[in-house]
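3D model of this:
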Amino acid sequence: MTKELVLATITKNHFGILTLNRPDKHNAFNQKMISEIIQKLIFFQQHDIIALIINANGKHFSAGADLTWMAEMAEKKIEDNLADALDLAKMLHLIHHFEKPTIALVQGSAFGGGAGIVAACDIVITTEFAQFGFTETKMGLIPATISPYVIHAIGPKWAKYYFLTAALFSAATALQIGLCHEMVSLDQILDIDRLSTIQQLMKNGPLAMSHAKKLVHVISDKKLTDSSLMPMTANMIAQIRSSQEGKEGISAFLEKRQPNWTVKK
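Coordinates of the predicted model:
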């Protein structure tokens, strides 16, 4: 039986967990792994989950692209390379535009495409000793497919510095530049029930979180002078306020009780 390079599970609390499962290669990507990630993302899209957690088995989150695979691709025609790169771009697009909140849990190293996954996620929790890097220029390459998400996460100034130098940086620096949000112990990364961020997400309205994510995506591309902002945002709040979840949330708050969507441990 062929080993799955990516695992998909749904917890009793309705969280989806996508696990990179190539620890012997530090979870480095090859074409098969990228294809499996895409398949698992589509699987999770078809299920009613609260949020999607992306983690990894082994010591490292992901070392980026498998160098053996990259060497093989370098010998192929540009058409083959384009098709291959488009699959990687599709994978990152699916993560970034996933309807539900996405949370990356990072241990060890997250380099190249691995750091790209981190940048594409909504929330990133890292261990103190994790390392990050966009190391493509060391090999005469560029971080092309991951660049939209990295630049969106850390801004063009930091992106230019780390793309050009290919320097590795610490979890503390990742927090400073906006690539990560929270630093925890390895024990907490390995036991998601201990993560306060996960516990907080369990308390929130699932529909509201999806719409809040959509809100950020839509509004971040607009200027404050855009005349469509007022009617657009007014319509968004009107729609969610009149929804069943909105009505339940307000009633629960006024009645000082837990809303009916709260997940019980």
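
all strands of the stretch 1-150 of the chain, in order?
Under the criterion DSSP state E, counting those that start in this stretch, the stretch 1-150 of the chain contains strands at 6-10, 15-20, 51-56, 102-106, 109-111, 123-127, 131-133.

can you redo those as CSV with mean neighbour count, mean pLDDT and distance to Gln239?
C-beta: built from backbone N, CA, C; applies to glycine. Listed next are those as CSV, based on neighbours: other C-beta atoms under 10 Å; pLDDT from 0 to 100; distance: least, C-beta to C-beta, whole Å:
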stretch, mean neighbour count, mean pLDDT, distance to Gln239
strand 6-10, 16, 97, 28
strand 15-20, 22, 97, 25
strand 51-56, 25, 98, 21
strand 102-106, 27, 98, 23
strand 109-111, 26, 97, 37
strand 123-127, 23, 97, 24
strand 131-133, 22, 97, 38
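
Please name whichever of those is nearest to Ala65.
Closest approach to Ala65 among the strands of the stretch 1-150 of the chain is made by strand 109-111 (9.0 Å; C-beta to C-beta).

re earlier: in TSV: the strands of the stretch 1-150 of the chain, plus distance to Ile142.
Converted to TSV, those look like this (distance: least, C-beta to C-beta, whole Å):
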stretch	distance to Ile142
strand 6-10	26
strand 15-20	23
strand 51-56	24
strand 102-106	23
strand 109-111	14
strand 123-127	23
strand 131-133	14
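
which ones are touching Val124?
Ile103, Ala104, Val106, Val118, Ala174, Leu179, Cys180, His181, Glu182 (C-beta atoms under 8 Å, 6 or more residues apart in numbering).

The strands of the stretch 1-150 of the chain: which one's closest to Ile37?
Nearest to Ile37 among those is strand 6-10 (5.2 Å), distances taken as C-beta to C-beta.
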